[in-house]
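**Q** Next one to model:
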Amino acid sequence: MLLLLLLLAVAIGGSHGQFPRVCMTKEALDSEICCPLWNGSECGVEAMRGVCLNWWTRTLDDNQYYDDRLNWPNSYFRSSCECLGNYGGFDCGKCKFGYYGENCDRQKTLVRHEIRELSTIERRRFFSYLTLAKYTISKDYVILVTGDRHHRSTYKFIDATIYDVFSWIHYYSMKPILMNSTFTSNTSYAHQGPAFPGWHRRLLLFLEREIQELIGDEDFALPYYDWSHENNTCSICNEEFLGSNDLQGNIGGSSYFSSWGAICSGYFYTDAYCRSAERGFHVENLLRKPGRDPKTRIPTYQDVEATLKWKMFDTEPFDKTSKSSFRNALEGYVNPVDGKTTDRNMHNMFHGYIGGTMSQVPISANDPMFILHHAYIDKLFEVWIRKNKATPDKYPNNQHLGHQRLECAMPFFPCVMNKHMLQNSAVYGYTFTYMDQYCRLYNQVAGGS
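**A** Reported below is the predicted structural model:
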């Protein structure tokens with residue numbers, strides 16, 4: 001146990017994805033071991049890259065818990081790779097985030113830019129990279145589909161493109177939790193709880209690294225969209241940026257994304273995983289309807305300021321009713337000004353404002369707007385971390401499935417505990433433009449306290 005905890009501590013930042021193709025064979029699933037060979041040895045142990053270790057287990061009543069995501073990844077594997085030093089990936093054959101090179105000994109910090117800072121060529125290159133990821137089958141990962149979550153015999157692992165794997169991971173995190181043979185939507189594995197900002201940080205890191213490897217450019221960084229000064233108008237919802245849309249929400253024909261479809265669009269089936277994938281993957285076109293719903297708006301800079309003033313990362317009961325909670329204000333379940341009134345704001349409000357696919361939150365990652373939006377949410381998370389000098393020990397103890405501080409964030413390999421995402425983004429090899437200005441302004445707004 002001591003060795004396992006030590007390895008987990010040094011392996012932070014090494015997570016790349018989930019359901020590795022090489023481990024989703026009948027033999028691997030029957031053995032419950034996901035320790036692939038790297039350079040001829042399990043987890044690259046002969047090269048001192050990693051070791052194959054058993055996971056600790058939590059005693060559960062088999063008659064009460066059925067969710068395959070519970071206590072990740074115990075439902076699938078009792079053993080998997082834990083990577084040493086700067087190595088990462090499901091087989092320890094890659095580098096952890098922020099490190100590069102054959103021996104993972106080159107460290108660098110990428111800078112994420114605001115989307116409107118990019119030149120026309122840089123912007124078009126970014127859109128073309130996303131399109132390439134949308135139509136390139138992932139060589140490393142597969143996705144899970146089933147029409148019956150109650151019976152493992154119906155589970156299938158099928159091919160998906162790199163971008164669709166990214167979208168599927170978000171969808172997978174939001175499916176209702178299966179407990180005592182019934183479903184509950186009171187929480188999810190990445191939302192409505194303390195793991196929310198850190199889990200989404202991990203998801204973006206996954207896509208960023210996947211695109212770096214796809215295009216052979218380790219300097220590629222995801223941009224963000226600072227919507228806080230938009231005066232309730234989406235300035236990137238046009239042909240120059242993400243594409244215009246018609247009254248039905250269809251993306252304009254000259255956009256890179258006009259022909260995109262949404263994976264797992266039949267998300268409302270609680271007892272199924274990505275039912276649409278079995279019938280041909282994309283059964284719904286990507287849609288966008290910015291400002292169409294009169295009950296929505298783009299959050300303002302004043303909303304951002306109010307959100308950043310809350311000093312507690314999260315508060316009891318650590319869900320969407322938490323008061324005076326930075327996490328809950330950022331996620332958008334309480335009014336950021338008073339921190340207690342039930343409200344739809346910040347992260348949640350922007351999803352609703354963009355409408356279409358973005359407003360269907362389980363499948364919202366299908367829209368590239370999701371990336372730009374969550375990269376900005378991640379920037380605000382980073383501002384709060386720096387101002388409050390947050391470290392993993394400030395991650396709260398709680399009893400919510402998927403959000404507990406010592407749980408492996410689901411569904412990533414190898415394990416990185418939720419608490420480890422509560423630290424400076426430089427640990428993961430990136431920062432944002434204008435961080436100094438944001439942090440100085442926040443200090444002024446908060447009175448430097």
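**Q** those strands in the stretch 301-449 of the chain, which residues are they?
**A** Residue ranges of the strands in the stretch 301-449 of the chain, as given by DSSP state E, counting those that start in this stretch, are 430-432.
**Q** same check, this time on the stretch 51-200 of the chain
**A** Counting by DSSP E, counting those that start in this stretch, the strands of the stretch 51-200 of the chain are 79-83, 87-88, 94-95, 99-100, 106-107, 110-112, 143-145, 156-158, 177-179, 182-184.
**Q** Could you single out the most deeply buried of those strands?
**A** With neighbours taken as mean count of other CB atoms under 10 Å, these reach their highest mean count in strand 87-88, at a mean of 29. C-betas here are computed from N, CA, C, even on glycine.
**Q** circling back to that earlier point, between the strands of the stretch 51-200 of the chain, which one is nearest to Val283?
**A** Closest to Val283 of those, according to CB to CB: strand 143-145, at 13.1 Å.
**Q** looking at the strands of the stretch 51-200 of the chain, which is closest to Gln437?
**A** The nearest among the strands of the stretch 51-200 of the chain, by CB to CB, is strand 110-112 at 14.2 Å.
**Q** Just checking: what are the partner strands of the closest one?
**A** With DSSP bridges as the test, strand 110-112 is paired with strand 430-432 (parallel).
**Q** how far is the strand it pairs with from where the chain is centred?
**A** 16 Å (CA atoms, centre = their mean, to the nearest Å).
**Q** Any chance of the strands of the stretch 51-200 of the chain in TSV with mean pLDDT as columns?
**A** TSV is the format used below for those (pLDDT from 0 to 100):
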stretch	mean pLDDT
strand 79-83	92
strand 87-88	95
strand 94-95	96
strand 99-100	97
strand 106-107	96
strand 110-112	98
strand 143-145	95
strand 156-158	93
strand 177-179	86
strand 182-184	85
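**Q** what would those look like in a markdown table with distance to Leu70?
**A** Shown next, in a markdown table, are the strands of the stretch 51-200 of the chain (distance: least, CB to CB, whole Å):
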| stretch | distance to Leu70 |
| --- | --- |
| strand 79-83 | 16 |
| strand 87-88 | 24 |
| strand 94-95 | 27 |
| strand 99-100 | 31 |
| strand 106-107 | 35 |
| strand 110-112 | 33 |
| strand 143-145 | 15 |
| strand 156-158 | 19 |
| strand 177-179 | 8 |
| strand 182-184 | 13 |
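**Q** Can you tell me which of those strands is nearest to Phe350?
**A** Per CB to CB, nearest to Phe350 of the strands of the stretch 51-200 of the chain: strand 110-112, 17.8 Å.
**Q** contacts for that closest one?
**A** 219-224, 375, 379, 429-433 (CB atoms under 8 Å, 6 or more residues apart in numbering).
**Q** In this structure Val22 contacts Ile33, no?
**A** No - counting by CB atoms under 8 Å, Val22 sits too far from Ile33 to count as a contact (11.5 Å).
**Q** When the two are compared, which one has more neighbours?
**A** Using other CB atoms under 10 Å, the more surrounded residue of Val22 and Ile33 is Ile33, with 18 against 14.
**Q** quick one: contacts for the closest residue to the more buried one other than its chain neighbours?
**A** Leaving aside its sequence neighbours, Ile33 sits nearest to Ser79 (CB to CB, 6 or more residues apart in numbering; 4.6 Å). Contact analysis of Ser79 by CB under 8 Å, 6+ apart lists 32-35, 52-55.
**Q** What of Cys104?
**A** 85-88, 94-96.
**Q** just the contacts of strand 110-112 now: which is nearest Ile115?
**A** Using CB to CB, the contacts of strand 110-112 come closest to Ile115 at Pro223, 4.4 Å.
**Q** Look at that closest one and report its pLDDT.
**A** Looking at Pro223, its pLDDT reads 98.
**Q** could you pull out the helices for the stretch 251-400 of the chain?
**A** 301-308, 326-331, 346-354, 369-387 (DSSP state H, counting those that start in this stretch).
**Q** The longest one vs helix 346-354, what angle?
**A** Orientation note: helix 369-387 sits at an angle of 160 degrees relative to helix 346-354 (axes from the mean of the first three to the mean of the last three CA atoms, to 10 degrees).
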